[in-house]
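> Based on what follows, work out the 3D shape:
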Amino acid sequence: MNEKFVIIFVITNVFLVMSINKINFLKFFLLLLSSVLFALKTSAQDSTKIDSIPEKNLIKHSDKGFEFKTADNRFLLQLGARLQFRFATPYDEDPVTYDDFSAANKNSLEINRARLKLGGYVYKPWLKYFMEYELGQSNLLDFRVTIEKYKWLSFKIGQWKTDYNRERIISSGAQQMMDRSILNRPFTLDRQQGVSVYGHLAGKGAANFNYWISVLDGNGRGSRSGDDTHLMYAGRLQWNPLGRVVTMTGSDIERTLKPALLIAVAGATNRSPYTRFSQAGGGELEGFPAGVAGQYSVRQGVLETAFKYKGFSWQQESHVKYVLNNLSDSATNLSGSYFQAGYFPNGLLDFVPKDLEVACRYAVYKPDESKTENLKKEFSVAANYFFSDHQNKLTMEYGKISLQEPNLPTLSRGRFRVQWDISF
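Next up, the predicted model:
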């Protein structure tokens, strides 16, 4: 009886929480936690009497947070949180427009992210659920249910970060650099609502592939309804030529003993009022007016590589994007690439702490291919110290961003940032 109560309470509120505000969410979270603890404790006591299973085995902590499991292993609840503290000078957010480079210098010390996470499985370990909430901005980021009984054929429904490009898929808590590159703003599909089919075709050697096919609402995070009859379609094909999958993290903390390489291509098509997406939902790139239903037709693609071996990591993406304004019949082509690498120097120099990593990134973005003097660049270097892998790490970064626009002098601006990211 208690197990049924737990699962009904959790799953029902995963969907009800979509419509409540920040204060109510906190009340919901505290109520959920107290109810689950009470129900699981009672269930564990009953199971101990019947099956002689120690209660202490039902509650533990992992990299997913605190885990509460019923004695029959039919239900699992994981409760986790993540905090990200950041200092930045003389600015934090990437400058986007020409005027941004002339903005006044400011020091900032802030809680950059504050997340609550809830996940687990119900009835069977392959029937999973997950929800993530951003407290600072009162945003429900993820809510999804997945069916992963077979590795080669799985299903997902809900809202999540679209399986498109590696840089965006990697959690902000598992990144190598402090933030994603300047390409993230113009090319990410970000979070969308929809359904997806995906799997891992784990053949031997070079016959090793991952695939994702998604049909999505195409209006961004928090969308309540579509703007017209058009949907977003996205697909990703990943080849693992060495027969091993590269983990979805930005650093080779594991010191991968056998080299792992991926080569991936992805594409997407969408028609909506938007030319870009972010955590806030749908929006517009610079130079595009606010859209109406079905105003912009967008087609985009990416070629991607990643590699890990003995503390060295590499990742790269090259993007293209075509935007058609259906009202004015005008088209714009965008492109960009970034290259990123990191290494734990202890692999060569014994006196360097084994938990210290250095990394660098170079990115270039062209907002309009038809203009010759239209270029944005980024160069950043960073050092990470891992107290407990990505669960507890300190990052220091220096970067410089430059912008060149037609008939204007090239401007550049540097910044220094320090960040502590901790999950529990």
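
> alpha carbons only for contacts and neighbour counts from here, please
Noted.

> Does the residue lying closest to Ala280 once chain neighbours are set aside belong to a helix, a strand or coil?
Counting by Cα to Cα, 6 or more residues apart in numbering, Ala280 lies nearest to Arg221, which is 6.7 Å off, once chain neighbours are set aside. On the three-state scheme (DSSP: H, G, I helix; E, B strand; the rest coil), Arg221 is labelled coil.

> was I right about Arg221 contacting Gly194?
No. Using Cα atoms under 8 Å, Arg221 is not in contact with Gly194, being 10.8 Å away.

> shared neighbours, the two?
Gln159 (Cα atoms under 8 Å, 6 or more residues apart in numbering).

> higher neighbour count, these two?
Between Arg221 and Gly194, Arg221 has the larger neighbour count (other Cα atoms under 10 Å), namely 25 against 20.

> Enumerate every residue touching the more buried one.
Contacts of Arg221 were listed using Cα under 8 Å, 6+ apart, and they are 141, 159, 190-193, 278-282.

> Let's verify Ser251: helix, strand, or coil?
Taken by three-state DSSP, the conformation at Ser251 corresponds to coil.

> And it, how far from Gly311?
Remark: distance between Ser251 and Gly311 (Cα to Cα, to the nearest Å) = 8 Å.

> which residues in the stretch 51-200 of the chain form strands?
Here the stretch 51-200 of the chain has its strands, by DSSP state E, counting those that start in this stretch, at 59-62, 65-69, 75-89, 108-122, 124-134, 139-150, 153-161, 191-202.

> about what we covered before: relative to Leu189, how far out is the residue nearest to Ala280?
Distance, Arg221 to Leu189, by Cα to Cα: 10 Å.

> joint contacts of the two?
Ser278.

> re the thing from before, just want to know which of Ser251 and Gly311 has more residues nearby.
Neighbour count, other Cα under 10 Å: between Ser251 and Gly311, Ser251 has more, with 28 against 20.

> who's in contact with that one?
174-176, 311-313, 342-343.

> hey, which helix or strand in this structure has the poorest pLDDT?
Within the chain, confidence by mean pLDDT, DSSP states H and E is lowest for helix 2-16 among all helices and strands, at a mean of 46.

> between the strands of the stretch 51-200 of the chain, which gets nearest to Leu375?
Counting by Cα to Cα, Leu375 lies closest to strand 75-89 out of these; the figure is 24.1 Å.

> Give me the distance between that closest one and the centre of its chain.
Taking the mean of its C-alpha atoms, strand 75-89 sits 13 Å from the chain's own mean (Cα atoms, centre = their mean, to the nearest Å).

> And for it, what's in contact with it?
For strand 75-89, using Cα under 8 Å, 6+ apart, the contacting residues are 3, 7, 64-70, 105-125, 415-424.

> Need the mean per-residue confidence for stretch 60-70.
The average of the pLDDT scores along stretch 60-70 is 91.

> Quick check: Thr305 touching Ile263?
Yes. Counting by Cα under 8 Å, Thr305 does reach Ile263; the two are 4.6 Å apart.

> For these two, indicate the residue with more neighbours.
Thr305 (19 against 16).

> Report the beta-bridge partner residues of that one.
Ile263, Gln316 (DSSP bridges).

> contacting residues for it?
Counting by Cα under 8 Å, 6+ apart, Thr305 touches 261-264, 314-317.

> Need the buried ones from the residues you listed selected in PyMOL.
Selecting just the buried residues from the contacts of Thr305 in PyMOL takes one command, with 16 or more other Cα atoms under 10 Å as the test:
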select buried, resi 261+262+263+264+314+315+316+317
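
> ok, the contacts of Thr305 vs Ser335, which is closest?
Of all those, Ser335 sits closest to Glu317, with 10.7 Å by Cα to Cα.

> State the number of residues packed around the residue nearest to that closest one when sequence neighbours are not counted.
Leaving out its chain neighbours, the residue that sits closest to Glu317 by Cα to Cα, 6+ apart is Glu304, at 4.4 Å. Look at Glu304: counted by other Cα under 10 Å, it has 20 neighbours.

> Which of the contacts of strand 75-89 are buried? Put it as a PyMOL command.
Burial among the contacts of strand 75-89 is assessed by 16+ other Cα under 10 Å; the matching PyMOL selection reads:
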select buried, resi 3+7+64+65+66+67+68+69+70+113+114+115+116+117+118+119+120+121+122+415+416+417+418+419+420+421+422+423+424
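
> In the protein, what residue spans correspond to helices?
Residue ranges of the helices in the chain, as given by DSSP state H, are 2-16, 22-51, 166-169, 184-187.

> Going by mean pLDDT, which of these comes out lowest?
Mean pLDDT across the helices of the chain is lowest at helix 2-16; the value there is a mean of 46.

> Excluding chain neighbours, give the residue nearest to Asn219 in space.
Gly282 (5.9 Å).

> same question, Asn384
Using Cα to Cα, 6+ apart, the closest residue to Asn384 is Thr395 (4.5 Å).

> Any idea what that neighbour is bridged to?
As for beta bridges, Thr395 partners with Asn384, Gln419 under DSSP bridges.
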